[in-house]
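Trainee: For reference, the sequence and a predicted model appear below.
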Amino acid sequence: MRPLAERMRPDTLDDYIGQSHLVGKGAVLRRMLEQGRVGSFILWGPPGVGKTTLASIIARQLDVPFYTLSAVTSGVKDVRDVIAKARANRFFDRQSPILFIDEIHRFSKSQQDSLLAAVEQGDVTLIGATTENPSFEVIRPLLSRCQVYVLESLGEEDLLALARRAMERDLVLRELHFTLSETAALLRFSAGDARKLYNILELLAECADAEGNVEVTDKLVTDCLQQNALAYDKGGEMHYDIISAFIKSIRGSDPDAAVYWLARMIEGGEDPAFIARRLVISASEDIGLANPNALLLANAAFDAVLKLGWPEGRIPLAEATVYLAASPKSNSSYMAVNSALQSVRETGNKPVPLHLRNAPTKLMESLGYGKDYKYAHDFEGHFVNQQYLPDGLTDTRFWHPQPNAQEDKLKERMRRLWNERYDN
């Protein structure tokens, strides 16, 4: 029998649960489907949130040929063969056939190159699915031809809706009598992943009593998973849970725990580049200005891993891990850019002050572009007080230094230069 996750895969957008920002009323993908035409795009999100399901629903609703490839098992020849089939089935007055590529981040550069012409010419509509940041894993020419839509981990209400639907509709589960007495453990172990949720429900079904009753409690879920660990975690390493523990151990300044989780990933066969990228992110997000050398070391470790490969690459990864975990921490830069982004979203495209604008033409110069701009290096201390933020935001603070030796020095300099703005 097919797994529950496959049996419960919805056929229509109305039965699709989650990702309302993409498929809800008036959302971008629903609008495109209602108009009967979609462009190429990449779905980026964690496992078990509906990427494959969404692609198949789109193909079914548009009533076009649907071809699938897995980046794990397919080569350039497979790509070319599918594109040839798609061209043969293409009608000029209809939506192009859809080519769905699961785990597109695992495609090599040459495999991705082989898609470019077909996507550019409209022979296929590409839908890629990835758990990795497309900015790092998808070549720029292909990325420029695709929109990227971010899928989110499923919320608690979404998971409970999926669980209740499975209990009511699935041919196997509906023969039992489920009672959701407690849901905390069910939600915690599902971790926003529908596939994990369905795996747990299948295990719970085996715990039914003689009358077919299953009372779901936190204890039952925990005991069931402990007794069936391999059935629940078929990959053996719980990829996202472990990388989360790794980053949080670095953030929490525990080098011993961080190295332990690093060893778990190494032993589990994790991609070393994936680990190195997370170290670079952590160096910027969690350590930042408290120790700017952390980003340099993390970048150097990334470069060394690419040059050395395994098993030697574990050594620079360990060096960077211990250094980052032992470093002082600050997320002031991370908070500053998030605050600035929020301001941009709220205030829109405020005009650049005239004195900061470039004036490459006489017309622009006559309109006042660049007029009265003061060149900082012409003044004592290489500083002059003038307006750099747009009108309406001139006194806004986005960066708030945090108390550590490095940022104390920066804050003191900013106080000397900008006076009141950095008084608190």
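Mentor: Perfect, I can see it now. Numbers count the residues shown, from 1 in each chain.

Trainee: From residue 334, how far out is residue 80?
Mentor: In this structure, residue 80 and residue 334 are 43 Å apart, going by C-beta to C-beta, to the nearest Å. Any C-beta I mention is one placed from the backbone N, CA and C, and that applies to glycine too.

Trainee: And for residue 362?
Mentor: Residue 362 is 43 Å from residue 334, by C-beta to C-beta.

Trainee: quick one, which of those two is more surrounded?
Mentor: residue 334 (14 against 8; other C-beta atoms under 10 Å).

Trainee: OK, contacts around the more buried one?
Mentor: Residues in contact with residue 334 (C-beta atoms under 8 Å, 6 or more residues apart in numbering) are 284, 285, 286, 288.

Trainee: Please confirm that residue 148 is located within a helix.
Mentor: No: applying DSSP: H, G, I helix; E, B strand; the rest coil, one finds residue 148 to be strand, outside a helix.

Trainee: residues near the nearest residue to it once chain neighbours are set aside, how many?
Mentor: Leaving aside its sequence neighbours, residue 148 sits nearest to residue 42 (C-beta to C-beta, 6 or more residues apart in numbering; 4.9 Å). Here the count is done by other C-beta under 10 Å, and residue 42 has 23 residues near it.

Trainee: Just say helix, strand or coil for residue 42.
Mentor: Under three-state DSSP, residue 42 comes out as strand.

Trainee: for residue 312, same thing?
Mentor: Per three-state DSSP, residue 312 ends up coil.

Trainee: residue contacts, it?
Mentor: Per C-beta under 8 Å, 6+ apart, neighbours of residue 312: none.

Trainee: how near is it to residue 304?
Mentor: Taking C-beta to C-beta, one finds residue 312 at 9 Å from residue 304.

Trainee: before we move on, what about residue 75?
Mentor: 30 Å.

Trainee: hmm, back to that, show me what contacts the residue nearest to residue 148?
Mentor: Counted by C-beta under 8 Å, 6+ apart, residue 42 has contacts 104, 126-130, 134, 138, 143, 146-149.

Trainee: and residue 67, bridged to which residues?
Mentor: For residue 67, the beta-bridge partners under DSSP bridges are residue 99.

Trainee: Confidence-wise, which helix or strand of this protein is lowest on average?
Mentor: Least confident helix or strand of the chain, by mean pLDDT, DSSP states H and E, is helix 229-232 with a mean of 46.

Trainee: For stretch 348-359, buried residues please.
Mentor: Residues of stretch 348-359 classed as buried by neighbour count (16 or more other C-beta atoms under 10 Å): 353, 357, 359.
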